[in-house]
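J.: only the shape, not the letters, is given here:
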């Protein structure tokens, strides 16, 4: 009994000093809480937000390459390739993988130098320049057209050079060299500003877009759609397999209205003169642009390689004739006597003269104390409309201009023919020109921007395409087209149709008539007759050039004073005379008389069109307007 | 089950397997505890086998095979320890404590640097980390010391004495590896708590610990006198906002969280790109739980946590069933060591604990850790066998 009590007491004492049962419970509770926290966290991470992390894990292992689509080709109206493509292998640096730390970056450049066969300094400079010029994230092209051996080496050593992207890029080829360079335009890497303004259309940094000409106007058609190749990569960037990919969609081809033969003939004739100038050939029945050229020109292939700053500046240097400048649509010149048909129609419509009205050309007129003379002081005697056009009597048209002053007849009709406003051709860079009106000059005068208000002399000058008037060859060709087809003004077009990569027609363009001018048939006939005489009658101003041309044409020379420069030479023609199909407008800066430089260019184009040559003729009025 | 009560002669007629089970004393083992331990080792081997984008060239299954071998060695050790009377360790406490301190000091002498810290000794065929078995040594020795002085001196003095005994090896380990030293702290505090140290004393120690952490992580770096290496500091603080530096210290944390999160409910299996393609760092050791979570999803990860819960329950249960105080304290120490490591390691994998490089018991690849943990389980088995429960068969609740 005592033993038992002692035993029990001992156990009690022991229990006091021994770890108590409650401590085990506390530990168990702590364990339960901690494990509970883990389970709750696990559930929230995996089940509640699991999808987000799954997406993140997928993005982690996916490497996306943009696979560029080849641009569509640009063809002439007969299917001749004007702009094609060539695949080229380029080595590019992925800026996202280039270290930010300067020392590490230098080490990378040193490592890359022997691979791309350049100095590290060169790589550094190129990298910096490209980063400055291009939108963020654009790959930095180090070298293009690399050897296969370099490509294979890099493919095998991908882990050593994770920053290098080997990409196939398409570059434009120009089988016809400089031909039609201005209207074809060029392509280039998209800039940061373009990317911002053009963001929704699927362009990304590093993409190529049209920068000028047709390439720019129809960029969305030509561009196609880039594809994406997705690869599975591990954490070191090694490729472990491929995932779903989108194939690139090649751009559609564009068939132009341009006729290669006419274009070549015009360019050859213009360049043989050696002065800056331009020409435009329109189909008077549709507004299709058969040829459009400007000289001096550029080789569009230079834009397929990085362009030095000096070269880029030279392209716009006025002393070198600003080769990039497309004078056919961007020029703005006084046009001289090629303007006279518009003056005639306006005056007849205004009831000032009749085609048969005879005006005495005494060689000069004096209006408001100011004397206006014929070119070369010539005296043509009594002239009616036809005769006035044939010999290019200025006095006849001075009178019309004088009598139309105070009305808006001359300006209204000129505007109808498309003078002094953009034609709406599918090219960027069209100049508006300038059609002087009393309102325009008087507003300038009120603002103190000119020394005098509108005077009758201004209208007199305008009547022969002089004074403040400024127009470009396209506007003249368009105006003559309307005259040639009886009064329909078409929107000039370069796009004939869109074709897919297999040549199937996706879209055909219809002629787009902008407006119809009603020209009385009798008036039109008289003007056409006068222009025919001017071109091919022995006393006509361009008889020396067209006198021996077997096809009857209507043509008008123009010699415009353009201080401080030399005279601007012009020629405008419609052919054939009885039922015109084409309108030609040519101009040469400082080319002197229209018959000297502009007319021969027009002749070369018409010779090509009709496949005829002009025989030499002697005599004629020559050299005078 | 009934066969154990049969006369010896009749048992001889039973098949060899059954006789072996008897000879090894397996009938008295805690079956649940065994199940939890073996289950975790098995999951570890399977996970290591599947998880690798094979890290060792020419020996694709090297890690899982080695882990299996470590597991087998550990199981043999566990069975041997189970038959050994754990209370003998109480008598050996001084020797065990000396062994603990000397072995850790030895790593300074023979050790080699791994990932910025020295914590292992290179042996033939094997890299030995003394700090791992050191956890068990600390538990066995400290439990003995605590009972030793349970009747001597004032309570405060005793508290300080226990703390000092725990902190000496902790300090030695701290010089090598922060994470492991935290386990030593957890063991020390858990044994003190189980031994009945006053709550007020424990609270004071806790407050001092918090002050210490603030001092080390916040005040001293702010004063320009960092006490930790930069990589340690970053690991410990980056978990607060891992996105702030996704390429730096937060990288591992982010990748682990993405891996675990991507696993979803049922896991991604062979599509587990985070682990297979190498985005997840240290996926065989520190981040093995994230691998499980990605491959096998919530289902698999919860199974692993369940096995740990089972293991902990069986360990904590011994705190009340052990035949003596020593067994109770040892059980408390082992349970706490495992609980602490599970919480910190899994928490680190799930982005709620800092990166401290603590392995997940029985799951992370590594011989020292796996074998040491199985030896702990062996000690638990020994306590079980010698408790009242041990006489009631392997599946008694």
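T.: That came in fine, so what should we check first? What you see is a predicted model, and the numbers here were worked out from it, not measured in a lab.

J.: longest single helix anywhere in chain A?
T.: Criterion DSSP state H: the longest helix present in chain A is helix A:21-43.

J.: in that one, what counts as buried?
T.: By 16 or more other CB atoms under 10 Å in any protein chain shown, the buried positions in helix A:21-43 come out as A:23, A:24, A:27, A:28, A:30, A:31, A:34, A:35, A:38, A:39, A:41, A:42. Where you see a C-beta, it was placed from the backbone N, CA and C, and this is true even at glycine.

J.: give me the distance between residue B:367 and residue B:70.
T.: Going from residue B:367 to residue B:70 by CB to CB, to the nearest Å gives 4 Å.

J.: who's more crowded, the two?
T.: Using other CB atoms under 10 Å in any protein chain shown as the criterion, residue B:367 and residue B:70 rank with residue B:70 on top: 23 against 20.

J.: mind checking how far the helix or strand hosting that one is from the chain centre?
T.: If you go by DSSP states H and E, residue B:70 is part of helix B:62-83. Here helix B:62-83 is found 15 Å from its chain centre; the criterion is CA atoms, centre = their mean, to the nearest Å.

J.: just for chain B, where's the confidence low?
T.: Chain B contains residues with pLDDT under 70 at B:1-14, B:24-25, B:52-60, B:111-120, B:122-126, B:149-152, B:231-232, B:235-249, B:389-397.

J.: so what's whichever residue of it sits closest to chain A closest to, chain neighbours aside?
T.: Chain A sits closest to residue B:261 of chain B, with a gap of 2.7 Å, by CB to the nearest CB. Nearest residue to residue B:261, sequence neighbours excluded (CB to CB, 6 or more residues apart in numbering or on different chains): residue A:53, at 2.7 Å.

J.: hang on, that neighbour packs against residue B:258?
T.: Yes: in this structure residue A:53 lies within contact range of residue B:258 using CB atoms under 8 Å: 5.0 Å.

J.: the two - which one has more neighbours?
T.: Shown here are residue A:53 and residue B:258; by other CB under 10 Å, residue B:258 has more neighbours (27 against 21).

J.: buried set for the host helix or strand of that one?
T.: In this assignment (DSSP H and E), residue B:258 forms part of helix B:250-262. Under the neighbour-count criterion of 16+ other CB under 10 Å, helix B:250-262 has B:250, B:252, B:253, B:254, B:255, B:256, B:257, B:258, B:259, B:260, B:261, B:262 buried.

J.: so which elements touch it?
T.: helix A:50-61, helix B:273-276, helix B:288-321, helix B:325-349 (3 or more CB pairs under 8 Å, 6 or more residues apart in numbering or on different chains; DSSP states H and E).

J.: list the contacts of it.
T.: A:42, A:45-46, A:49-50, A:52-54, A:56-57, A:60, B:238-239, B:241-246, B:268, B:272, B:274-275, B:279-282, B:286-287, B:289-291, B:293-294, B:301, B:348-351, B:355 (CB atoms under 8 Å, 6 or more residues apart in numbering or on different chains).

J.: please convert the buried members of those into PyMOL selection syntax.
T.: The PyMOL selection below is limited to those of those classed as buried (16+ other CB under 10 Å):
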select buried, (chain A and resi 42+45+46+50+53+54+56+57+60) or (chain B and resi 238+239+242+268+272+274+275+279+280+282+286+287+289+290+291+293+294+301+348+349+350+351+355)
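
J.: still on that earlier bit, so who does the residue nearest to residue B:261 touch?
T.: Per CB under 8 Å, 6+ apart, neighbours of residue A:53: A:45, A:46, B:257, B:258, B:259, B:260, B:261, B:262.

J.: against residue A:170, how distant is the residue of the stretch 351-500 of chain A found nearest chain B?
T.: Closest approach between the stretch 351-500 of chain A and chain B, counting by CB to the nearest CB: residue A:500, at 39.0 Å. The spacing between residue A:500 and residue A:170, counted by CB to CB, is 17 Å.

J.: about what we covered before: ok, which of the buried residues of helix A:21-43 also contact chain B?
T.: Among the buried residues of helix A:21-43, the ones lying near chain B by CB under 8 Å from any CB of the partner chain are A:23, A:24, A:27, A:28, A:30, A:31, A:34, A:35, A:38, A:39, A:41, A:42.
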